[in-house]
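Undergrad: Whatever this is, show me its structure:
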Amino acid sequence: MNAIDTPIPQCWYEDEALLVLEKPSGLLCVPGRGPDKQDCLSARAQAHWSDALIVHRLDQATSGLLIMARSLAVQRALSLAFEKKQIQKRYEAVVAGQLEPLAADWQLIDLPIAADWERRPLRVIDAEQGKSSQTLWRALAHEQTAQHQACTRVLLSPLTGRTHQLRVHMAAVGHAIVGDALYAAPEIAAQSQRLLLHAKMLRLEHPINGRILEFESKTPF
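TA: Numbering: from 1, shown residues only. The predicted structure follows:
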C-alpha cells in the first residue's frame, strides 16, 4: 500500500515536534507478525508524515487519541513524561453491571498485574509476581446494552501503564468492559461488536515550548 492509497489518520494536532492522531477500533498501533498485519496506525502515519515515531500504544480493539513524536529527541522526552506520569489520559468505557456510586469522586483500583505466561498475551492479577498497577474510575450513568443488560458508563484514568490494564482491572472487580473478547465472560463479550473502550482525553506539556495541550475526542458509542 503506497502513500496515495494509505488512509490518512484523523489528526487532532500537528507541529514540527509531534502529532496527536485518532486510532479507530480494530487497527493495530504497530505492525504485527505476518503480511496480513502490516496495516497499522504507525504505517499509515509514516506514509504521510515520514518522521512519525510511536511513543505509546493503544490495544488494537481500543479507539481514541494517541501521540506520535517527530524526532528521536521528542520521542525520548514524551516517553519520559509518560514514565513520570506527567501526561494525563482518560478513557470512557461501558462495563457490565451497575457500578456504585454514581458520584463525582474518583475510586481507586489497586491490583498488581502480571503476564499470564501460559496464555500470552493475556494478563492476570498476581499478588506475588505482579507489578504495582493503579486505575482510577468514576461512574457516569447506569444504562442498558442493546440486549437490555444492565451496564454502567464510566471514566477511567490509568495511573500506571500496564498492558491491558483497564481491561484486567475492570474484569477483576466484576465489571468487565462490554465487548471484551479477552477478559469478559462470553455473554458480556457478545453484547457489542467492538470493545467499548475509548481513549477520549489527553493532556500534556509540549516537550519543546512548554505549552499545555489538551484534546478531547467524542466517544463513538
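
Undergrad: can you give me the strands in this protein?
TA: Assigned strands in the chain, in chain order: 10-14, 18-23, 53-54, 63-69, 88-96, 107-110, 113-115, 123-125, 134-144, 150-158, 197-205, 212-216 (criterion: DSSP state E).

Undergrad: E187 is nearest to which of these?
TA: Shortest distance between E187 and the strands of the chain, using Cβ to Cβ, is found for strand 88-96: 8.9 Å. The way it works is simple: take the backbone N, C-alpha and C, and place the C-beta from them, glycine included.

Undergrad: Quick one: distance of the closest one to the chain centre.
TA: Mean-position distance between strand 88-96 and its chain equals 9 Å (Cα atoms, centre = their mean, to the nearest Å).

Undergrad: which residues are in contact with that strand?
TA: Strand 88-96 is contacted by residues 62, 64, 140, 143, 145, 149-158, 166, 170, 175-178, 184, 188, 191-192, 196-204, 219, 221 when judged by Cβ atoms under 8 Å, 6 or more residues apart in numbering.

Undergrad: So among these, which ones count as buried?
TA: 62, 64, 145, 151-158, 166, 170, 175-178, 184, 188, 191-192, 196-202, 204, 219, 221 (16 or more other Cβ atoms under 10 Å).

Undergrad: hmm, back to that, who wins for proximity to P31 among the strands of the chain?
TA: Nearest of those to P31, taken as Cβ to Cβ: strand 53-54 at 10.6 Å.

Undergrad: Each with direction, which strands does the closest one pair with?
TA: In the sheet, strand 53-54 lines up against strand 63-69 (antiparallel) (DSSP bridges).

Undergrad: For I125, see how far away the nearest residue to Q129 once chain neighbours are set aside is.
TA: Counting by Cβ to Cβ, 6 or more residues apart in numbering, Q129 lies nearest to A114, which is 4.4 Å off, once chain neighbours are set aside. A114 sits 8 Å away from I125 when distances are taken as Cβ to Cβ, to the nearest Å.

Undergrad: longest helix of the chain?
TA: helix 72-83 (DSSP state H).

Undergrad: I'd like to check the angle between it and strand 18-23, please.
TA: 60 degrees (axes from the mean of the first three to the mean of the last three Cα atoms, to 10 degrees).

Undergrad: Sweet, I'm off.
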